[in-house]
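>>> Here is a sequence together with a model predicted from it:
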Amino acid sequence: MAKTALVIGKFYPPHRGHKLLIDEASANNASVHVILCKKNNEVPDGRLRENWLREIHPNAIIKVIDDIYDPADSALWAQLTKACLGFSPDVVFTSEDYGAAFAKFLGSSHVLVDRERLNFPVSGTKIRGNPWKYWEFLEPPVREYYAFRVVMAGAESTGKTTLSRDLARVYETNWVPEFGRSYSERKIREGTNDDWATSDFIKIAHEQCRLENAAARIANRVLVCDTDAFATAIWHRRYMKDRSPEVETIAMSHRCPDLVILTDIATPFEQDGVRDGELIRGWMHDVFIEELVKSKRRFIKVKGTPQERLQQACSEINKMLDLGINHHG
């Protein structure tokens, strides 16, 4: 058994083909070193890709090098590799034509893995062009990044939850409930529903973000969210009669949704024992529009029957998916 193995690449982004390489190296060697080559202004960023690799391959030794050299100069890359590692690896695993020459300059043996991409017919370029088309080749942390996030926005009792469930059914995916509702229900049970503080909304915003990110890892391309921290900031204004810089900072620092769906207030108000904002639905609707425009979020308005709203939402989502449009460029 060889002592040290090397896998080198851009991992831009990491996919199942890369995982096969690293798993093959791990299965036959005592230690595996992975060198990630990064350039400035890449999306996703090199450091983020490094974190993904560390999560996907916790036993591998990950190092990063600036990708500013001629990719065809195998002799130079061998020198750079030895400088980065501090030694020459016993064996190099690649799925590229350059692998044999690169390994020879290192004084290492070479293992060529799935050169024809028969196991995983995918590439980083294809994924960056349309990640949802190649979803099956992505690992959970990469899916979290690329999941197409659809967020509901609107005043109380405007059909957000119904539309969330319907969209999740259509796209055979999961959806994220409104944590603020369960939080409010608990306050009602405890008899503290008239005692709200900014700290409550900070907790709600943080937890809503956490739930969303966790759900994105297991989503089927599209993730549907009944609400988000952006809406929590508006609910703070509704209950506390003022803005909260803390809650708004949480909202603005969180991943921007790919599409916001604003529900119309023409829906009849249904009292469910928790809602109390029937008389201010118009105000909240206007605030949502104002803040959505100000924050430059991409949004559409839906109206009509539940089926009509679903059709309007699906039409826009399908268009964006077909074009490969998301907030990561």
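Sure, I can see it.

>>> Identify all contacting residues around whichever strand or helix holds residue 202.
Under the criterion of DSSP states H and E, residue 202 resides in helix 198-216. Helix 198-216 has contacts (C-beta atoms under 8 Å, 6 or more residues apart in numbering) with 143-145, 147, 149, 174-180, 183, 187, 223, 225, 227-229, 232-233, 235-236, 239-240, 244, 246-247, 250-251, 254-255. Heads up, the C-betas are built off the backbone N, CA and C, glycines and all.

>>> for that helix, the distance to its chain's centre please.
Mean-position distance between helix 198-216 and its chain equals 15 Å (C-alpha atoms, centre = their mean, to the nearest Å).

>>> Can you name the next helix or strand after that helix?
Taking DSSP H and E, what comes next after helix 198-216 is strand 222-225.

>>> Other residues contacting that following strand?
With C-beta under 8 Å, 6+ apart as the test, strand 222-225 has contacts from 132, 147-152, 164, 167-168, 171, 173-176, 212, 215-216, 257, 317, 321.

>>> Next, the angle from the helix or strand following it to helix 198-216.
Using DSSP H and E, the helix or strand that follows strand 222-225 in sequence is helix 229-240. Helix 229-240 runs at 160 degrees relative to helix 198-216, counting by axes from the mean of the first three to the mean of the last three C-alpha atoms, to 10 degrees.

>>> Which elements pack onto helix 229-240?
strand 148-153, helix 198-216, helix 245-253, helix 281-294 (3 or more C-beta pairs under 8 Å, 6 or more residues apart in numbering; DSSP states H and E).

>>> ranking these by burial, who's on top?
Highest mean neighbour count of the helices and strands packed on helix 229-240: strand 148-153, a mean of 26 (counted as mean count of other C-beta atoms under 10 Å).

>>> Give the other helices and strands that that one contacts.
Judged by 3+ C-beta pairs under 8 Å, 6+ apart, the packing partners of strand 148-153 are helix 160-170, strand 222-225, helix 229-240, strand 259-263, helix 306-323.

>>> partner strands of that strand, parallel or antiparallel?
When sheet partners are counted by DSSP bridges, strand 148-153 sits next to strand 222-225 (parallel), strand 259-263 (parallel).

>>> Count the residues that sit near residue 303.
15 (other C-beta atoms under 10 Å).

>>> In three-state terms, label residue 37 for me.
strand (DSSP: H, G, I helix; E, B strand; the rest coil).

>>> per-residue confidence for it?
In this prediction, residue 37 carries a pLDDT score of 98.

>>> In contact with it: list those residues for me.
Going by C-beta under 8 Å, 6+ apart, residue 37 touches 8-10, 64-67.
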